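Colleague: make a model of this:
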Amino acid sequence: MNQRNLRLWHRRVGIVVAPFLLLQGVSGLVLSYGIYSRVASVLTAEAPQPLRTVWNLLMAKMHFGPGLIGWVYHSLVGLGLLWMIGSGVWIWFDLWMKKRSEKPEE
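Modeller: Numbering: from 1, shown residues only. This next block holds a predicted model:
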């Protein structure tokens, strides 16, 4: 794969994967720092049922992904992240090799 196509695919995959990585990161931080339980208790007392359901789906079920759908979702997010890392290293290494070959001998 040439450098242009690699960069194009790296950008495309990044645009698709970025929102899902953001959701995983935000929901993980919320769950890790205990914000979930405090906000959930406020939502339970004051919010209507649909809002509580959305909160639970986004923060707990979305992060842990129950069942087959969760497994597929997390697999795709993980594979997308691995592609981004691998293609980024490939782009960097290719540029490094070109720069090294163009460098005059001292």
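Colleague: now for the residue most central in space within the chain: which residues touch it?
Modeller: Centroid-nearest residue in the chain, with CA atoms, centre = their mean: Leu21, separated by 1.7 Å. Leu21 sits next to Val77, Gly80, Leu81 when contact means CB atoms under 8 Å, 6 or more residues apart in numbering. Quick note: C-beta positions are derived from backbone N, CA and C, even for glycine.
Colleague: got phi/psi on the first one?
Modeller: With angles defined as degrees, to the nearest 10, Val77 shows backbone torsions of phi -60, psi -40.
Colleague: go on, the second one?
Modeller: Dihedral pair for Gly80: phi -60, psi -40, per degrees, to the nearest 10.
Colleague: circling back: out of the contacts of Leu21, which comes closest to Lys61?
Modeller: Taking CB to CB as the measure, Val77 is the one of the contacts of Leu21 closest to Lys61, at 14.6 Å.
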